[in-house]
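J.: Generate coordinates for the sequence data below:
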Amino acid sequence: MNPSEIPAEIDRQNPDAEIRARAEAYRNWGRWGEDDVLGTLNFITGEQRVAAASLVREGRVISLSQSFDMDGPQKGWRRRTNPVHTMLDTGTDAERGTQGFPHGIGGADDVIAMPLQCSTQWDGLGHIFDNGFAWNGRRAGEVVTSLGDAITGIEHAADVIVSRGVLLDVARHLRPEAGELEDGYAISAADLDATATAAEVTVGRGDIVLVRTGRLTRARREGWGEYAGGPSAGLSLTTAAWLHRTEIAAIATDTWGFEVRPNEFDVPSFQPLHQVVIPNMGLTVGELWDLDELAEACAAQGRYEFLLSAAPLKITGAVGSPINPVAIL
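T.: Numbering: from 1, shown residues only. Now for the predicted structure:
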């Protein structure tokens, strides 16, 4: 019997058993061969991209990225800081003629230093391990070393993540007046299905699903506060079954952690849904996405599907990547 899909039925005293049951039930190891490096991104096909392109009707492009600057949500937890942007050459240098270029030409250059997951980003398949194992049953230490992810580095997905995007605005559906879910709300599979039904949209193989909770909306209004790592609505551990059976290619949310926080246990636990879906299911997960403008556009048009392009940077051996995903309507 498969694990329950009802959040209230989780054994809140036993995260090990709850995680293990789902990891074993929804594990995709070997599904695409022993050498696979893409996981569920394999569900995206050329034919699906052609069909997704037909969803473009007005050519409107909406960026789904937060800013990359010092005014971000990071607080330094596990050395995650906000980006530090430094100018190497400036207009002042050009005016003063100190750059050493001939015939009056001048220029500006800059550099940025940042953790790859400090703002809008993808979690790569080498980001999370389950009891020492990485995606596809490999030993974690054989995949990621001090030199990086030698097997499932994010660069393998650089030309893959373009497909049909589907917005599930769970916040607007469940809380139509506020448009925001309360912190700690565990989104269930039933919530996802109900939101899709209300939006008259289906979710299926190869789709990239975007789930809006309204957490970023509130952070914009009230300040970052505990946005990075603190309480938030998010997906319940029980949605692992839904994420598996729909055969979606990837999923992203407008939150720091994708899943509900605090996590659904009364004893110590940390990101149990990550532990199930990344190393076991092979699911690519996006976090810190800005879905507000897209939500307004989808509501105004009454359609919640679009062409989505969300390529990671081709950073060799990285276990995550900053991105500027765009929805094209």
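J.: What distance do you get for the spatially most central residue of the chain to Val166?
T.: Nearest to the geometric centre of the chain sits Gly286, at 0.6 Å (C-alpha atoms, centre = their mean). The spacing between Gly286 and Val166, counted by C-beta to C-beta, to the nearest Å, is 13 Å. Where you see a C-beta, it was placed from the backbone N, CA and C, and this is true even at glycine.
J.: Then Arg245?
T.: Per C-beta to C-beta, Arg245 is found 15 Å from Val166.
J.: Compare neighbour counts for these two and give me the winner.
T.: Just comparing Arg245 and Val166: by other C-beta atoms under 10 Å the higher neighbour count belongs to Val166, 24 against 12.
J.: For that one, give me its contacts.
T.: Neighbouring residues of Val166 by C-beta atoms under 8 Å, 6 or more residues apart in numbering: Ala196, Val201, Val203, Asp207, Ile208, Val209, Leu210, Tyr304, Glu305.
J.: for the stretch 101-250 of the chain, what spans make up the strands?
T.: With strands called from DSSP state E, counting those that start in this stretch, the stretch 101-250 of the chain shows them at 109-113, 121-123, 144-145, 148-149, 162-168, 186-187, 208-211, 234-235, 250-253.
J.: Make a markdown table out of these and add mean pLDDT.
T.: Shown next, in a markdown table, are the strands of the stretch 101-250 of the chain (pLDDT from 0 to 100):
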| stretch | mean pLDDT |
| --- | --- |
| strand 109-113 | 97 |
| strand 121-123 | 98 |
| strand 144-145 | 98 |
| strand 148-149 | 98 |
| strand 162-168 | 98 |
| strand 186-187 | 98 |
| strand 208-211 | 98 |
| strand 234-235 | 98 |
| strand 250-253 | 98 |
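J.: Would you mind measuring from the residue in the chain sticking out farthest from the centre to Gly97?
T.: Each residue of the chain has a distance to the centre, and by C-alpha atoms, centre = their mean the biggest one is for His103: 47.9 Å. Using C-beta to C-beta, we find His103 at a distance of 11 Å from Gly97.
J.: And for Met114?
T.: Met114 is 32 Å from Gly97, by C-beta to C-beta.
J.: What of Pro115?
T.: According to C-beta to C-beta, Pro115 and Gly97 sit 37 Å apart.
J.: okay, those two: which has more neighbours?
T.: Set Pro115 next to Gly97 and count neighbours by other C-beta under 10 Å: Pro115 wins out with 17 against 10.
J.: Next one, pLDDT for that one please.
T.: Confidence at Pro115, expressed as pLDDT, is 97.
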